[in-house]
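Peer 1: Here's a sequence, model it:
(chains A and B)
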Amino acid sequence: MPPKIKHLLGIQDLSVEQIRLILETAESFREISTRPIKKVPTLRGKTIINLFFEASTRTRTSFEIAAKRLSADAINISASTSSVVKGETLHDTAQNLQAMAPDVIVIRHSCSGTPHQLARICSAAVVNAGDGAHEHPTQALLDGFTILDHKETLQGLKVAIVGDIAHSRVARSDCLLLGKMGAHVTVCGPPTLIPPHFDKTLRLVGQTNASVAQQSLRVTYDMNEALEDADVVMMLRIQLERQSEAFFPSIREYFRLYGLSAERMKAAKPDAIIMHPGPINRGVEIASDVADGPYSVILDQVTSGVAVRMAVLFLLTGGKDESD
Amino acid sequence: MSSLLIKNGRIIDPASSLDQVGDLLIEDGQVSRIGRGMGAPGLETIDATGLIVAPGLIDIHVHLREPGREDEETIETGSQAAAAGGFTTICCMPNTDPINDSPTVTTYVVKEAEKRAVTRVFPIGAITLGSAGERLAEIGEMVEAGAVGISDDGKPVMDGQLMRRAMEYSLPFKIPVIEHCEDLNLAAHGSMNEGYYSTILGLKGISRTAEDTMASRDIILAELTGAHIHIAHLSTRGALDLVRAAKQRRIHVTCEVTPHHFTLTDAACCDYDTNTKMNPPLRTDDDVQALLEGIADGTIDCIATDHAPHNLNEKMLEFDHAPFGITGLETALSLALTGLYHTGKLDLKRLVELFTVNPARIINRPLGTLRVGTAGDVTLFSLDSQWVYDVNQTKSRSRNCPFHGMNLKGRVAGTIVAGRIVYRNAVLLPVG
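Peer 2: Predicted coordinates:
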């Protein structure tokens, strides 16, 4: 068995074996959500705090449902402001929560690294539910889980990730996870929205084997090239304010160059699936007919999220697994 | 004014090319004799056997936070930390509250330092009113009140025409115009160096270009105006190359580096430890190599700490929200000895120059030497004493230092200002 996971701070820290364990555990939990009574007693008596410093509907609800279906007590705290505005330091917030002896703290924060700082202070297991532009590990895990519903393996799969790579924690976590699992990822977007040396940087973290690493991640500014023969097309949300920050001139031009239309999808494999971490901007990064089309698995991702987060909460609380 | 005899130390004075074992006598606050076998009954004497006897160290870049943020540092505590680090002279930056942009604030700092500081304290005045980058501050009156340079440190002067005027206007006062080189638009509200690690950590980067382009503008303006531009805390290979080329063209440019910029790289940010957040940020391996080359070949004129105390509460925040800056007065000499001297990159004479006569020349003060008749400011240190820095023992009011727990080789033994012992290390220089 892989070493026990103490916190889930990022895909960066996970081994291939640990990723497999989480995905396999998620598979075993999937069925619970299809029962008439969607609840098992597995985590009865465990306390899980969802500490959200940033607005979130999907992720927060998903964690809450995951906890409740495992019979854990889930408490939601929507701080929605940073500690600076609130006048309480992150350190004090963490110590106060710790004093209530939770088993897991799920944290979402607009600043990168906040879950890592929290993990140094708290003895509870910390789950990163998205930190700044850094990582969003449960999103990458549910993306991997969703892909495996439609494809046999991640090994050798061609995945295109298109959009605002620079500000996307999903892109980072997905590149790391897919890279570690042997997929070939192409990221694509305007050069202003791709950090310099992104491919080399993430490759080094995701893969230690140099020849595998070479294939695991590349960058292109050409959407058609990114989509060519792709098995999976993952579109990222474009924040409208990026326009005023001069990352691109207009939404209209952005959609022309990097938006996903039915016409563009013809470059991908015929059975390619389309993903999006949501919330989607129809007509900005993805055309409505494509988002709602037969190859879209966007809502499957949301469904997978619950099973994957159940698995993560279960494994972090030391719920019994085969090693016990 | 006190008299003091320092016996049997290795006296090093780069300004007079002196390096010999002997005795040094300070009378009435001034160096009065250097020789051998000196002594007189009743004269206060220090046995400096095995120690280096150097001119008092000068740090031309510290933040004393007074007036305004006495919870972080005061003129008194900052000068005590300086003395513990071997500094006998410090220059304090004007970004206090209120900002030192008027003779009133300059005079306040000078008067309070006379009353409470254990070292010499020279204020640096603001370039622009409120350091807002819009109108010139009363530079002439601040110089009359004791300012030794002008700077809007922490904020660059973004308006090129205003910077040109500031340089021209400063000419008659023979003071350096000290610039924190950073194009704020290029820096784009980043919180660490832009590069490999910022990409991995998902933190907004401050590109090296932000420093290089501003250094380039300032050097060109210095050439145009003939003013003395001093580049504070230089941190990139690009800016260093610009300074090197400018010096070859005899443009009046000088620069300083901090111990943290030649000791640490941006890899130190990996734990999101807010004590690795400063501006300019920790740079790459390549930049550190460039700084070491620049120190060795003389392109870099001096070492300055950019001692920036911050309340612990403020450093307990998210990395993005924590303020820039670390304390550095107590570790500077030891970091230089550990990283530059003991690694063979720099001989002792050059190392002492970087802390003494060179910074004295930049602020145009007759300090940093042990010539007979000059100020009796002396720093005693051991080359080989090994120790671990414990920030909990600091004399500063703040503890935001990334060097806590670090093994260092070489340590300050005693600090003497105008013949008066203002710091002595109990192990290296026991009383009696």
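Peer 1: Show me what from the stretch 301-432 of chain B comes close to chain A.
Peer 2: Contact residues (Cβ under 8 Å from any Cβ of the partner chain) of the stretch 301-432 of chain B with chain A: B:313, B:316, B:317, B:318, B:319, B:320, B:321. To be clear about C-beta, it is placed using only N, CA and C from the backbone, and glycine gets the same treatment.
Peer 1: Quick check on those residues: which are buried?
Peer 2: B:316, B:317, B:318, B:319, B:320, B:321 (16 or more other Cβ atoms under 10 Å in any protein chain shown).
Peer 1: list the buried ones in the biggest helix by length in chain A?
Peer 2: The longest helix of chain A (DSSP state H) is helix A:298-316. If you call a residue buried by 16+ other Cβ under 10 Å, then helix A:298-316 has these buried ones: A:298, A:300-316.
Peer 1: same check, this time on stretch A:137-155
Peer 2: Using 16+ other Cβ under 10 Å as the test for burial, stretch A:137-155 gives A:137-148, A:151, A:154.
Peer 1: closest to residue A:47 among those residues?
Peer 2: residue A:138 (18.9 Å; Cβ to Cβ).
Peer 1: For the closest one, give me its contacts.
Peer 2: Contact analysis of residue A:138 by Cβ atoms under 8 Å, 6 or more residues apart in numbering or on different chains lists A:8, A:59, A:63, A:127, A:128, A:129, A:305, A:308, A:309, A:312.
Peer 1: Please, which helix or strand holds the third one?
Peer 2: Using DSSP states H and E, residue A:63 sits within helix A:58-69.
Peer 1: go on, residue B:113?
Peer 2: helix B:103-116.
Peer 1: next one: that helix to chain centre, how far?
Peer 2: Distance, stretch centre to chain centre, for helix B:103-116: 20 Å (Cα atoms, centre = their mean, to the nearest Å).
Peer 1: and the helix or strand that comes right after it, what does it pack onto?
Peer 2: Using DSSP H and E, the helix or strand that follows helix B:103-116 in sequence is strand B:120-123. Other helices and strands packing on strand B:120-123, by 3 or more Cβ pairs under 8 Å, 6 or more residues apart in numbering or on different chains; DSSP states H and E, are strand B:87-92, helix B:103-116.
Peer 1: Tell me how many other residues crowd the residue lying closest to residue A:74 once chain neighbours are set aside.
Peer 2: Closest residue in space to residue A:74, ignoring its immediate chain neighbours: residue A:67 at 3.8 Å, by Cβ to Cβ, 6 or more residues apart in numbering or on different chains. Residue A:67: 25 surrounding residues under other Cβ atoms under 10 Å in any protein chain shown.
Peer 1: Tell me the spacing between residue A:67 and residue B:236.
Peer 2: 48 Å (Cβ to Cβ, to the nearest Å).
Peer 1: and what of residue A:28?
Peer 2: Taking Cβ to Cβ, one finds residue A:28 at 53 Å from residue B:236.
Peer 1: Domain map for the chain?
Peer 2: No chain was given, so I picked chain A. Taking automatic domain parsing as the criterion, chain A consists of the domains A:11-136+A:302-316, A:138-301.
Peer 1: wrong one, chain B
Peer 2: Domain segmentation of chain B under automatic domain parsing yields B:4-52+B:376-424, B:56-362.
Peer 1: Among those domains, which comes closest to residue A:282?
Peer 2: domain B:56-362 (27.3 Å).
Peer 1: Determine how far the last residue of that closest one lies from the first.
Peer 2: 15 Å (Cα to Cα, to the nearest Å).
Peer 1: ok, for the closest residue to chain A within the stretch 251-400 of chain B, nearest residue in space, not its chain neighbours?
Peer 2: Distance from chain A to each residue of the stretch 251-400 of chain B (Cβ to the nearest Cβ) is smallest for residue B:272, at 3.1 Å. Leaving out its chain neighbours, the residue that sits closest to residue B:272 by Cβ to Cβ, 6+ apart is residue A:113, at 3.1 Å.
Peer 1: pLDDT value on residue 193, please?
Peer 2: Since you didn't name a chain, this refers to chain A. If you check residue A:193, the pLDDT there is 95.
Peer 1: To clarify, I was referring to chain B.
Peer 2: The model reports residue B:193 with a pLDDT of 97.
Peer 1: From chain A, how far off is it?
Peer 2: Residue B:193 sits 12 Å away from chain A, going by Cβ to the nearest Cβ, to the nearest Å.
Peer 1: Test my guess that that residue contacts residue B:283.
Peer 2: Yes: between residue B:193 and residue B:283 a contact is recorded at 5.1 Å, counting by Cβ atoms under 8 Å.
Peer 1: tell me, what's touching those two both at once?
Peer 2: B:208, B:266.
Peer 1: which bits of chain A sit near chain B?
Peer 2: Counting by Cβ under 8 Å from any Cβ, the residues of chain A near chain B are A:12, A:82-84, A:89-92, A:109-114, A:116-117, A:120, A:131-135, A:169, A:172, A:195-198, A:200-202, A:204-205.
Peer 1: From the residues you listed, list the buried ones, please.
Peer 2: Of the residues of chain A next to chain B, these count as buried by 16+ other Cβ under 10 Å: A:12, A:82-84, A:89-91, A:109-114, A:116-117, A:131-135, A:169, A:172, A:195-196, A:198, A:201-202, A:204-205.
Peer 1: So which of those are in strands?
Peer 2: A:109, A:131 (DSSP state E).
Peer 1: Just grab the bridge partners of residue A:106 for me.
Peer 2: With DSSP bridges as the criterion, residue A:106 is bridged to residue A:50, residue A:127.
Peer 1: gap between it and residue A:46?
Peer 2: Computed as Cβ to Cβ, the residue A:106 to residue A:46 distance reads 12 Å.
Peer 1: between those two, who's got more neighbours?
Peer 2: A direct count of neighbours by other Cβ under 10 Å for residue A:106 and residue A:46 places residue A:106 higher, at 33 against 21.
Peer 1: State the pLDDT value of the more buried one.
Peer 2: Per-residue pLDDT puts residue A:106 at 97.
Peer 1: Show me the shaky parts of the chain.
Peer 2: Defaulting to chain A. A:1, A:80-86, A:204-214, A:319-324 (pLDDT under 70).
Peer 1: oops, I was thinking of chain B
Peer 2: B:1, B:432.
Peer 1: Distance-wise, check the residue positioned nearest the centre of it relative to residue A:52.
Peer 2: Chain B has residue B:304 as the residue nearest its centroid, 2.3 Å off, counting by Cα atoms, centre = their mean. Taking Cβ to Cβ as the criterion, residue B:304 is separated from residue A:52 by 43 Å.
Peer 1: now, which of the buried ones among the residues of the stretch 301-432 of chain B next to chain A lie within strands?
Peer 2: Using DSSP E, none of these sit in strands.
Peer 1: Quickly check those for the two that are furthest apart.
Peer 2: Spatially, the most separated pair among these is B:316 and B:320, at 13.3 Å (Cβ to Cβ).
Peer 1: hang on, residue A:64 packs against residue A:50?
Peer 2: Yes: the pair residue A:64 / residue A:50 is scored as a contact, 6.1 Å apart, by Cβ under 8 Å.
Peer 1: and for these two, which residues touch both?
Peer 2: A:74, A:76.
Peer 1: between those two, which one's more packed in?
Peer 2: residue A:50 (24 against 19).
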